[in-house]
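S.K.: Here is a sequence together with a model predicted from it:
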Amino acid sequence: MRTDSDVIIVGGGPCGSFTALNLAKRGANVTVLEEHSEIGVPCHCPGHLSIKGLKNLGLYPLPVGIVENTFRGVSFHSPTGKRFEVVFASPVTCTVDRVLFDKHVAGLAEAAGADFNMNSRVESPIIREGTVRGALVKQKDGIQEVTARIVVDAEGVFSRLLRQAQLTPLRRDWIVNGVTAEVDHAQDLELDKVEVFLGTEYALGFYAWLIPKGNGQAKVGLATKKGNPKILLQKLIKKHPSASKHLRSARILRTAFHPITLGGPIPRAFSDGFLAVGDAASQVKPTTGGGVVLGLACASLAAKTAHEALCENNCSAEFLSVYQRRCEEALDFDVRTMLRMRIMLNTMSDKQIDAALGFCEKFGLEKVLRKVEDIDHQGRSLLRVLGRPRALTALGYFFYLYLAANP
């Protein structure tokens, strides 16, 4: 392992690896420290990603075997089984094998020159004169000091380094607890549509999902603010009026648990010699909980900023603050809009959710939503369709529901 680098990246997930890739391509000396023995393992995320988002990042099409399925539609189900669906002209999302996807991004970074070190747990940053200068790394033969001009934190939701770098971590009151299961023997699946199940009885503060893979296999999961996700998943499979039709004979092959942060990006993701990316910085869509594409986009900006700092020999917080501004310019309006949407959804009762889906079906809102193909920038997408009469009517109706829930 290198004991001195330009940049240390803590975490070999897709955001850490993509930061490493973009830095290594610019000629930086990059060391990636991953605490697990294998990239992508353990896997926590169902891997449902935007095709357009991946294309914009230069990661699509992906090598054969990584993409499990593609989707051109989504079906929303109310607590009583009412259904509203949106179908696009061509596929807009895909599901990937997350282990293979993570390995692919890491492989690109390694081929570009990044040095990956497995079984390397960062115990703490090295801070000298108020500036992060590297990390203390625990390996099987002891603790080693690795110095660097910049440290990038890509640890994930429960980052330890943020506090040690004197930054405010993400808000724990906006975390929901998720579970994802791989199943077989699922029945009557529409292979080009993702199923979304709404309702407080199964997924308070979020939703449940069913993502077909083919040949009777699927990914099913949910996230919730309260309750045991494992128990709620069993309840969804056996009792939900829509989900149970597909899953009552299903067999769970593997189960993974994962927290999801929905509160929007942390207020400050930089300090002297330090940047945070991905879930560690809560760069996640508050509506869907999707963080891969947003995190990768911010990872690219982190790499750009870090490289400029190296070239200018200025790794101060003042110089690195441009990273925060770039992320806000790219995401702020959309994330703020999505956060307001999440707050509104969280205030709706099951009865109101049922009424809302019935309204969407009755007023043909699908004709408006099928024009929205950028699911990563939902705020800007909403602005593009607001001039349509159906969209304005729907906005007024949902605002009425929000007011009714918050008298």
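M.R.: Alright, I've got the coordinates.

S.K.: Each with direction, which strands does the helix or strand containing Phe76 pair with?
M.R.: Secondary structure from DSSP states H and E places Phe76 in strand 73-77. Partner strands and pairing direction for strand 73-77 (DSSP bridges) are strand 83-87 (antiparallel), strand 193-197 (parallel).

S.K.: Give me the residues contacting it.
M.R.: Defining contact as C-beta atoms under 8 Å, 6 or more residues apart in numbering, one finds that strand 73-77 is touched by 83-88, 190, 192-198, 240-243, 357, 360. Every C-beta, even on glycine, is put in place using the N, C-alpha and C of the backbone.

S.K.: just the helices in the stretch 301-407 of the chain please.
M.R.: Here the stretch 301-407 of the chain has its helices, by DSSP state H, counting those that start in this stretch, at 317-347, 350-362, 366-369, 378-385, 389-405.

S.K.: Quick one: closest of those helices to Gly278.
M.R.: helix 317-347 (11.4 Å; C-beta to C-beta).

S.K.: In the closest one, which residues are buried?
M.R.: Across helix 317-347, burial judged by 16 or more other C-beta atoms under 10 Å covers 317, 319-320, 323-324, 326-327, 330-331, 334-335, 337-339, 341-342, 345.

S.K.: quick one, domains of the chain?
M.R.: Following automatic domain parsing, the chain resolves into domains at 4-45+99-170+265-332, 173-261, 340-405.

S.K.: Average pLDDT for the longest one, rounded please.
M.R.: Here the mean pLDDT over domain 4-45+99-170+265-332 is 97, rounded to a whole number.

S.K.: Over to it now: how far is its first residue from its last?
M.R.: 35 Å (C-alpha to C-alpha, to the nearest Å).

S.K.: So what touches the host helix or strand of Leu236?
M.R.: Leu236 is part of helix 229-239, with elements assigned from DSSP H and E. Applying C-beta under 8 Å, 6+ apart, the contact partners of helix 229-239 are 177-179, 181, 197, 201-203, 208, 220-224, 243-244, 247-248, 250, 255, 257.

S.K.: Can you tell me which residue is spatially central in this structure?
M.R.: With distances taken as C-alpha atoms, centre = their mean, Gly291 lies nearest the centre of the chain, 1.5 Å away.

S.K.: That one and Gly53: what is the separation?
M.R.: According to C-beta to C-beta, to the nearest Å, Gly291 and Gly53 sit 11 Å apart.

S.K.: Repeat that for Leu222.
M.R.: 23 Å.

S.K.: Which one of these two is surrounded by more residues?
M.R.: Leu222 (27 against 22; other C-beta atoms under 10 Å).

S.K.: ok, which stretches of the stretch 1-150 of the chain are strands?
M.R.: 4-10, 30-33, 48-50, 67-71, 73-77, 83-87, 93-96, 115-117, 121-128, 131-139, 142-153 (DSSP state E, counting those that start in this stretch).

S.K.: a markdown table for the ones you listed, including mean neighbour count and distance to Leu161?
M.R.: Shown next, in a markdown table, are these (neighbours: other C-beta atoms under 10 Å; distance: least, C-beta to C-beta, whole Å):
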| stretch | mean neighbour count | distance to Leu161 |
| --- | --- | --- |
| strand 4-10 | 25 | 6 |
| strand 30-33 | 28 | 11 |
| strand 48-50 | 24 | 26 |
| strand 67-71 | 19 | 33 |
| strand 73-77 | 20 | 36 |
| strand 83-87 | 18 | 40 |
| strand 93-96 | 22 | 28 |
| strand 115-117 | 18 | 16 |
| strand 121-128 | 17 | 6 |
| strand 131-139 | 20 | 8 |
| strand 142-153 | 21 | 5 |
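
S.K.: Dump these to a markdown table, plus distance to Lys304.
M.R.: Output for the strands of the stretch 1-150 of the chain, formatted as a markdown table (distance: least, C-beta to C-beta, whole Å):
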| stretch | distance to Lys304 |
| --- | --- |
| strand 4-10 | 12 |
| strand 30-33 | 14 |
| strand 48-50 | 21 |
| strand 67-71 | 28 |
| strand 73-77 | 33 |
| strand 83-87 | 35 |
| strand 93-96 | 25 |
| strand 115-117 | 20 |
| strand 121-128 | 22 |
| strand 131-139 | 19 |
| strand 142-153 | 12 |
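
S.K.: right, and those strands - which one's nearest Gln166?
M.R.: strand 121-128 (8.7 Å).

S.K.: Which strands or helices does the closest one pack on?
M.R.: strand 131-139, strand 142-153, helix 161-164 (3 or more C-beta pairs under 8 Å, 6 or more residues apart in numbering; DSSP states H and E).

S.K.: Put together CSV for the ones you listed, with distance to Asp272 on each row.
M.R.: Converted to CSV, these look like this (distance: least, C-beta to C-beta, whole Å):
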stretch, distance to Asp272
strand 131-139, 4
strand 142-153, 10
helix 161-164, 13
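
S.K.: So for Gly273, which of those sits nearest?
M.R.: Evaluated over the helices and strands packed on strand 121-128, closeness to Gly273 peaks at strand 131-139, with 3.7 Å, by C-beta to C-beta.
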